[in-house]
Structure formats: C-alpha cells, structure tokens
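Asks: okay, predicted coordinates and the sequence, questions at the end:
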Amino acid sequence: MRHPIRIPGEWILRLLWLLPPWLLAGVAWAASVEVSVDRDPVSLDESFQITFTVRGEVQGQPDFSVLEREFQVLGTSRSLRTTFVNGKMERRDQYLVSVMARRAGKLTIPPVSFGKDRSPPLTVTVTEPPPDAGVKGEIFMEVSVDSEAPYLQQQVLLTVRIFHRIQWREASLSEPRFRGGEVLVERLGDDRHYQSLRDGQSWQVIERRYALFPQASGRLEMEPLLLDLRVPSGKRSARQRSPFGDPFFDDFFSRQDYVRKVVRSKPLLLEVKPVPGSFTGKRWLPARSLRLEERWSSPPEKLKAGEPVTRTVTLVADGVTLGQLPELSLPEVPGLRIYADDSVTREEAVSGGVRATATRKFAIIPVREGEYELPAMEIRWWNLATDAEVVARLPARRLNVAPGAASLSGGSVPPVADATPTPAPVQGTRGAEAPVAMTGGGGGTWMGWLVAGNLALFLLWLVTLVAWLRARRRAATGERSAEEGPLEEQGVDARAAWKRLHRAAVSQEAEAMRDALLEVATVLWPQAPPRSLEALARRTREPLKKMLLQLSRQLYGNGEGGWEGTVMEREMKRLAEEEGRAPAATQGGLKPLYPA
C-alpha cells in the first residue's frame, strides 16, 4: 500500500526563497504602465517632462512617435531600478520624455505602446504665454524668408535672428521642420554676430541662415523654431559663508541660479507653386543664375588626326544643389572618338545661398583628316529673377583636322586624361605599331631580364611593406574589417541602421535607400549629420559621391538611375572604417549657440 507524500506549504515557500533571483524573474508578474507630468498646467513657451513608469516586464520598446502630433519631443532618457521586497523582485523602468506643446489648450497625452502593454491617456493643460513673450523682454527670435510663394525645388533663404541682452548657458536651436511635404534643408555657413538698434535700444544679434528646397507643391508649414537655453533666474544661492567673516563678501561667494527656458519663433507658411506649364525643358531647373563655360587645350580649328584635344565644360548655377544639376555629355560624332572623365563637382555657400559647380573633361580624338562639327550644348532653366525660361548655350564648334603622323584604325583607343600630344612613332616603325625590343647579340635580352627581375623584387618589397604597415595600424588602433566594424562598435541602433541599409541596397528602392543612407550618416556623424544626399556627397569620394548624386536626381529629377545599392553599401562601410565612426565634420552641423 502506497502512502502519498505530503509536503508542508511552508517548505515550498522556503524552497522558493532559496531559488536565485534570476529564476524568480521568469515568474510572470503583471506589467503595468503609469504616466505622469512634472507640472500641470504649463505655458506654451515652456518645456515639461512626461514620465512613463513601467512596473514588471514588458515585451517591447516604447513607441513615442504618437506624441509628435501634439508635442515636440526634445529628448528622452531611461532609468532602471530593480529591488527585492520580501523575496519578491520588483522592477521599475522609467522613461523620461522632455516635450513642448505645439498649441495651447487641453491636450491629451495619447497611450504609448510598450509591446503588448499600453500607457493610459493623460490630459494636460497648456496656457498661452504672457504678452511679453521672451525672457523678461530680454530675448526674442525672428524668422523670415526671401520668398513665401516659391516654385517647386526653388531655393528659399530662411534667416533666423536671435536678439538678446542677457548671458545664457547651454543654448541650442532646433532644426527647421515642415508639415505638408518634404523639404531639403541646407545650413549656410557659420553664425554671424553683430549689434542692432531696436526702439532706441541696443541688442546683440546672432544670425543663422538656411537654404530650403521644397520637394512638393502646395502649402507647407514650418513649425516654430525652439531656442532651448538656461537663463539667470534673478536669484542667487549662497554657498558657504565667506572666509573673511564679513557679510560684504557673502554675495561675492554666492552662485547665480539658472532656469531652463524655451523661446519659440512664429510659424511660417509657404505656398509652393508647381512647375510652370510654359517650361519646355526636359528637366525642371529653377535657379538665380546659370552659365555654361568651355575651355580647349588646343584651338579646335587646328587639329591633327590621331592627336587628342581636351574640351573642358563647366556648369555653374546659383540657388541650385548638386542633385539638381543635369549630367554634362557630348553626342557621338562620326569620325571622332570622345572619352569623358568623371565630373568634378563642388557645392558651396555664397551670399546668395547655395552655388553648385560641375566640371567635366572630354578627350576628343579625330580618326582622320577632314571637317567635323560638334553640336551646340544647351541647358534650359527657369530664371527666378525674370520668372521666364532661359537657354544656356555653348555654340556648335567646327573642328578642322589636318593629316597627322598616323591615322587611327578601327581598333579601340584608350581614354585620354589630358591634352598631352602622343609621342611620335620611333623611327623605323610603321603607322601606330609599338616599337619592338632590340635583340642584337643577346645583350638587350639579358639587360631586359635584369631590369624585370629588379622591378619584380621592388614590387614584392613594396607590397610587403604596405601589408606590414596596415597590420601594425590595425593592431594599434584596434580597427575591424569593413564588414564588421560599423556593426560591432556602434550598438543596437547602429546595427539596425546598417541592416536597413542592406535591405534597401538589395531591394534597390530609391526612397528606402535615401532614408537608410541618411540614417547611417547620422550614426557616423552624430554631432553634425548631413541632412540631404548632396550634403552626404560632399563628405565622400568616387564612386560613392557620383552614385549619391545619381540617386538624388532620380528622386527629385526626371527618374535618372545609374546608382547601385550594393556598391553604395560597400563604400559606406569602407567610409565608416576609414573615418573611425565619428569623424570631425564642419559642414551642416548644429553648433551650440553662445552669446557674443
């Protein structure tokens, strides 16, 4: 007869008490999410903090994008605390989100998803700022544009001026953001500092300029810019008493208190006009000015068959990005062999905004004597000053070719990088045949083998030296391979960005590729990320630079292709390794603001 074994309940509790905490963590605790704010009501010109407190274990990361409709997210932070009370593990995870309301009124903080769990909604009251908006009338901000009704893809100059009569700490200015369509934003140069008189009062001014390029027609609304800074509160917190024992020195040893304040600009509206119906060009190109230039290495009227001449064509446009420039090319002409170099491009900030320059060299080799004509080169563009279509034109060129030392056969001719005439054939050879090696008496053959052997030894020594230097550099800097470096060193967010870039590269989808490239660029340059493909192109080299501009033309032009996603992914990984993940960058970044 079997007797059941009875285990007292208190023994079970004692056994559970002896289990390690990480096993108890597998016991399902009911997760809960709470939400609170640091104060209510708040003013429209003040930021406040939303705290999401998670008790227990949730299955996913929070999605704070739902807050963007009513609030502007300024920053997030996280703190995790785990405690054991009476043998039970209590986990408290807090997410602190600093926000600023987009409008006054009773606003609802919507539920935020934490995997399968959601926070409850919460209502907060946002009041209008006082009539004397600013910090006691000692700081305010003005924004203006040079055109409120631009054309599609037209440059719009945005000027931001900050007037102040106080000193501050830790100031930062938000980037322009738009509703209603995509806008490319390019920062122009460094901040300017000067003084200005307003109503008989002297103000210190910090001026910052941007070039905006709207990519969609219709109404675009720029959200108010936010100047987040710490200003003197007017109170002083005393430290310890002065060592002199004299109350007169107490104020000297006190400390000025600073409070956080946010100054908001007025919103801006842009009514973007579509491409005019009267424009006849194949590619829409609005510009302030545009010109075509050419330069010949030799007069085109005095050429010889078989000898190359270089034609250099330069396109300069103001108020245009590199991605908007058309590709420079020459048509095929029977009797001429034309070889084009890669374009050399440059984008710079000038007084009138953005200036884009493209220069391309064409090596032209006449096959035989005669007269040839290069057709005129034309670029149709829209003159914003006259509001009319204009044609930039290089006239047709007539080439007079005299008989040369040798005419070219139908075989292939390698591209010519410059206009240096080819050397005359060695006496005794025929046509374009290469000189043959001398073999008289065997002396030439012995000397040739000696030279070849020394050259081979030198190349082997050079390869060995380069390999040793690379190995030493890798050992010293701890760099990883191009396939692993960007993924291993940059955490979860960087890993996800590189994965998205890989998916976009394989799918060859233009919009996904653009977004992934800019996201990876933010990982590489977190302090000053490029905001557009053109800005990213300025930090790269060929072939990535050329493909970035081709991708931009496909997105914002007439559907031109030519870029290869897998090649761009490989070049971005190579760039990440060479630049060490976060290189110093001077273009396009948002620097902290300091009063002059």
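Replies: Yep, it's here.
Asks: which SS class is the spatially most central residue of the chain?
Replies: What sits nearest the mean C-alpha location of the chain, by C-alpha atoms, centre = their mean, is residue 530, with 1.7 Å. Here residue 530 is recorded as coil under DSSP: H, G, I helix; E, B strand; the rest coil.
Asks: next, count neighbours for the closest residue to it other than its chain neighbours.
Replies: Excluding its sequence neighbours, the residue lying closest to residue 530 (C-beta to C-beta, 6 or more residues apart in numbering) is residue 536, at 4.2 Å. Yep, even glycine has a C-beta here, placed from its N, CA and C like the rest. Burial of residue 536 is recorded as 27 neighbouring residues (other C-beta atoms under 10 Å).
Asks: low-confidence ranges in the stretch 401-550 of the chain?
Replies: For the stretch 401-550 of the chain, the stretches flagged by pLDDT under 70 are 405-454, 456-458, 460-461, 463-493.
Asks: run through the helices of the stretch 451-596 of the chain in chain order.
Replies: For the stretch 451-596 of the chain, helices defined by DSSP state H, counting those that start in this stretch occupy the ranges 485-488, 491-507, 510-524, 533-537, 544-556, 565-579.
Asks: and the fifth one with helix 510-524, angle?
Replies: Between the axes of helix 544-556 and helix 510-524, defined by axes from the mean of the first three to the mean of the last three C-alpha atoms, to 10 degrees, the angle is 130 degrees.
Asks: helix 544-556 packs against which elements?
Replies: helix 510-524, helix 533-537, helix 565-579 (3 or more C-beta pairs under 8 Å, 6 or more residues apart in numbering; DSSP states H and E).
Asks: give me that answer again for 6 Å
Replies: On a contact count with 3 or more C-beta pairs under 6 Å, 6 or more residues apart in numbering; DSSP states H and E, helix 544-556 meets helix 533-537.
Asks: send the alpha carbons of the helix it packs on over as CSV?
Replies: Taking C-alpha atoms only, helix 533-537 is exported to CSV below (Å, rounded to 0.1, in the frame of the first residue of the first chain):
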residue,chain,number,x,y,z
LEU,A,533,22.2,63.3,-50.2
GLU,A,534,24.0,66.3,-51.5
ALA,A,535,25.4,67.1,-48.1
LEU,A,536,26.5,63.5,-47.7
ALA,A,537,28.1,63.5,-51.1
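Asks: which helices and strands sit right next to it?
Replies: By 3+ C-beta pairs under 6 Å, 6+ apart, helix 533-537 packs against helix 544-556.
Asks: show residues contacting the helix it packs on.
Replies: With C-beta atoms under 6 Å, 6 or more residues apart in numbering as the test, helix 544-556 has contacts from 215, 322-323, 510, 533, 536-537, 560-563, 568, 571.
Asks: cool, and stretch 297-317?
Replies: Counting by C-beta under 6 Å, 6+ apart, 287, 290-296, 328, 356-366, 368-369, 397, 399-404, 406-408, 416, 419, 421 sit against stretch 297-317.
Asks: ok, of those residues, which come out buried?
Replies: Listed as buried from those are 287, 290, 292, 296, 328, 356-366, 369, 397, 399, 401, 404, 406, 408, 416, 419; burial here means 16 or more other C-beta atoms under 10 Å.
Asks: narrow the residues you listed to those in strands?
Replies: 287, 290, 292, 296, 356-366, 397, 399, 401 (DSSP state E).
Asks: and for residue 67, the neighbour number?
Replies: With other C-beta under 10 Å as criterion, residue 67 counts 16.
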